[in-house]
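Undergrad: My questions concern the predicted model and sequence given below.
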Amino acid sequence: MTSGSSPNIISTATISGGETTPSYAEGLTAILDNLDALVYVSTFDTYELLYMNAYGRNIWGAFDGKKCWRALQNGDGPCSFCTNHLLLNEKGEPNAPHVWEFQNTVDQRWYQCRDQAIRWTDGRLVRMEIATDITERKQMELALKAAQEKAEAAAMTDELTGLHNRRAFFQFGQQAMHQARRQGTSLSTIMFDLDHFKLINDGHGHEAGDAVLRRVGELLREKGRESDIAARIGGEEFAILLPDTGSTEATEMAQRLSLLFRKATIAYRENAIPFTASFGIATLNEQDARLESLLSRADEAMYQSKKQGRDLIHLHPATRV
Ligand SMILES: Nc1nc2c(ncn2[C@@H]2O[C@H](COP(=O)(O)OP(=O)(O)OP(=O)(O)O)[C@@H](O)[C@H]2O)c(=O)[nH]1
C-alpha cells in the first residue's frame, strides 16, 4: 500500500461501475483481511492503533483504542526497538520503507517487517507495518548458525581435555602477542610435558593415560585466569600463554601447577596413578618477531627440566624478570 492508495481505489470504483463506494471499501477490507500477513496502522504521536487486519486481530486481539506497544508487544510504553524515527526524514517527509526482522514478544514468532510512513485518510502521516511470519526460515537459519558455531568451536578445541588445540593456541597466541606489543605489557608462556607418560600408558593402559590428560585439562581450567590461553599442543605436551604476566608470576604459576600435579593422583580402576610434569618458562622480549620464538625458548627451558631429571621448572635465561 502506498501513500494515498485508499482515495485512488474509491475514485476508480465511482468511475468504472457507478457502484457505491462502500462495496469497494468492503472489497479492500476483504483483501486486507485475507492477507497472510499482519497489516496495521498507528499514529506517530500517540502510538494509537488506527487499523489492524484480521491476521493481526486473530493473534493480538481487538485493537480499538489501544496503543501499538500494548496490543502488539504487551508493553508498558513505547518499545525500545520502535522504528518510528526511521520512517520520516528531517523535513518530516516519508523515508523509503524500512525492512527488518524481529521476534514478537507476545507470540514469540519471527516476522519480517516492512515499515513506512503513509498519508492517512485525514491527511496526517501515520505508521504502517506489513509483517510476514518468517519463523520457519529463521529457525533454520539459527540452527545453521548454531551448527556452524559448534563446528568452529570443535575445530579449535582439543576433544580429550576440552582445552584449546594447537591451532587455536597459535591463533589466539598471535592475537595476545600483538596486544602485548600494542599495550607494552608483558606476556609469558609456560610449556610442560608429562613425565614418563609412556610408562603410564604401558603400565595402566591408554585409557588411564587419557584420564590423566583429562585431569590436567580440568586443573588448568580450574586454576587459570579467564585471559590465559591454555592448550594441549601435542600428545602429552601443554602450553599456557599468560597475558600481562612477567616471569616471576609465571614461575609462581608453574610452581602451583607442579604441586597440584604431584598431589592429583588419578584414581583409575583400583589404581592411584601419580604423575608429574617438566616445565619451561619464557617471557616475550624485543627480539621476538613471532610467537614461535617465544615458544621455542620455553621449549628449550622445558628440555633442561627433562634433562636434569624431570619434575622440575626452568626459566629461560634470556628471560628478564
Ligand atoms: N593415553 C594417551 N597417550 C598419548 C596420547 N598422545 C600421546 N600419548 C602417548 O604419550 C607417550 C609419549 O611418550 P614419550 O614421547 O616417550 O614421552 P614420555 O614417556 O612422557 O617421556 P618423557 O617425556 O621423556 O618424560 C606415548 O606413549 C604416546 O603414545 C593420548 O592422547 N592419550
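TA: Yep, it's here.

Undergrad: CA only for contacts and neighbour counts going forward, please
TA: Noted.

Undergrad: got any ranges where the chain has weak pLDDT?
TA: By pLDDT under 70, the low-scoring segments of the chain are 1-22, 319-321.

Undergrad: Pull up the residues of it that are close to the ligand.
TA: Residues of the chain found near the ligand (Cα under 6 Å from any ligand atom) are 194-199, 201, 206-207, 209-210, 235-236.

Undergrad: Just the buried subset of those residues, please.
TA: L194, D195, F197, G209, D210, E236 (16 or more other Cα atoms under 10 Å).

Undergrad: out of these, what pair is the most spread apart?
TA: D195 and D210 (14.3 Å; Cα to Cα).

Undergrad: Select from the residues of the chain next to the ligand every entry located in helices.
TA: Counting by DSSP state H, the residues of the chain next to the ligand place F197, K198, L199, N201, H206, E207, G209, D210 in helices.

Undergrad: export stretch 109-122 as CSV, just CAs?
TA: Taking Å, rounded to 0.1, in the frame of the first residue of the first chain, the C-alpha atoms of stretch 109-122 are listed here in CSV:
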residue,chain,number,x,y,z
ARG,A,109,7.3,-15.8,16.2
TRP,A,110,9.8,-14.2,13.8
TYR,A,111,8.5,-11.5,11.4
GLN,A,112,10.0,-9.7,8.5
CYS,A,113,8.6,-6.2,9.0
ARG,A,114,8.2,-3.6,6.3
ASP,A,115,7.6,-0.2,8.0
GLN,A,116,6.7,3.0,6.2
ALA,A,117,5.0,6.4,6.7
ILE,A,118,1.9,6.8,4.7
ARG,A,119,-0.7,9.6,4.5
TRP,A,120,-3.9,8.5,6.3
THR,A,121,-7.4,9.3,5.2
ASP,A,122,-7.4,12.5,7.3
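
Undergrad: And that stretch, what's buried?
TA: Per 16+ other Cα under 10 Å, stretch 109-122 contains these buried residues: W110, Y111, Q112, C113, R114, D115, Q116, A117, I118, R119, W120.

Undergrad: could you pull out the helices for the stretch 1-150 of the chain?
TA: 5-17, 21-33, 54-60, 68-73, 84-87, 135-155 (DSSP state H, counting those that start in this stretch).

Undergrad: deepest of the ones you listed, which one?
TA: helix 68-73 (a mean of 20; mean count of other Cα atoms under 10 Å).

Undergrad: Export the residues of the chain next to the ligand as TSV, with columns for distance to G173.
TA: Shown next, in TSV, are those (distance: Cα to Cα, whole Å):
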residue	distance to G173
L194	22
D195	25
H196	28
F197	26
K198	29
L199	32
N201	31
H206	30
E207	30
G209	27
D210	26
G235	19
E236	20
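
Undergrad: Could you measure from Y55 over to C82?
TA: Y55 sits 21 Å away from C82, going by Cα to Cα, to the nearest Å.

Undergrad: same question, G61
TA: Taken as Cα to Cα, the span from G61 to C82 is 20 Å.

Undergrad: okay, these two: which has more neighbours?
TA: Neighbours per residue (other Cα atoms under 10 Å) separate G61 from C82, with G61 holding more: 13 against 9.

Undergrad: I figured the more buried one was touching R70, is that so?
TA: No: applying Cα atoms under 8 Å as the test, G61 and R70 come out as separate, 11.0 Å apart.

Undergrad: Would you pull up how far stretch 288-297 lies from the middle of the chain?
TA: From the chain centre to the centre of stretch 288-297 is a distance of 31 Å (Cα atoms, centre = their mean, to the nearest Å).

Undergrad: before we move on, what about stretch 181-196?
TA: The mean C-alpha position of stretch 181-196 is separated from the chain mean by 27 Å, Cα atoms, centre = their mean.

Undergrad: What lies in contact with it?
TA: Residues outside stretch 181-196 that contact it (Cα atoms under 8 Å, 6 or more residues apart in numbering): 176-177, 180, 236-247, 250, 254, 275-284, 294-295, 298-299, 302, 306, 310-311.

Undergrad: Give the buried residues for the helix or strand where H178 lies.
TA: Assigned by DSSP states H and E, H178 belongs to helix 166-183. Of the residues in helix 166-183, those buried by neighbour count under the rule 16+ other Cα under 10 Å are R166, R167, A168, F169, F170, G173, A176, M177, Q179, A180.

Undergrad: What of stretch 225-240?
TA: So for stretch 225-240, counting by 16+ other Cα under 10 Å, buried means D228, I229, A230, A231, R232, I233, E236, E237, F238, A239, I240.

Undergrad: Out of those, which two sit at the greatest distance?
TA: The widest separation within the buried residues of stretch 225-240 (Cα to Cα) is 19.1 Å, between D228 and E236.

Undergrad: Enumerate every residue touching T161.
TA: Contacts of T161 (Cα under 8 Å, 6+ apart): L213, R214, R215, V216, G217, E218, R232.

Undergrad: Then H98?
TA: L86, L87, C113, R114, D115, Q116.

Undergrad: can we see that at 7 Å?
TA: Counting by Cα atoms under 7 Å, 6 or more residues apart in numbering, H98 makes contact with L87, R114, D115, Q116.

Undergrad: nearest to the ligand, of these?
TA: R114 (54.5 Å; Cα to the nearest ligand atom).
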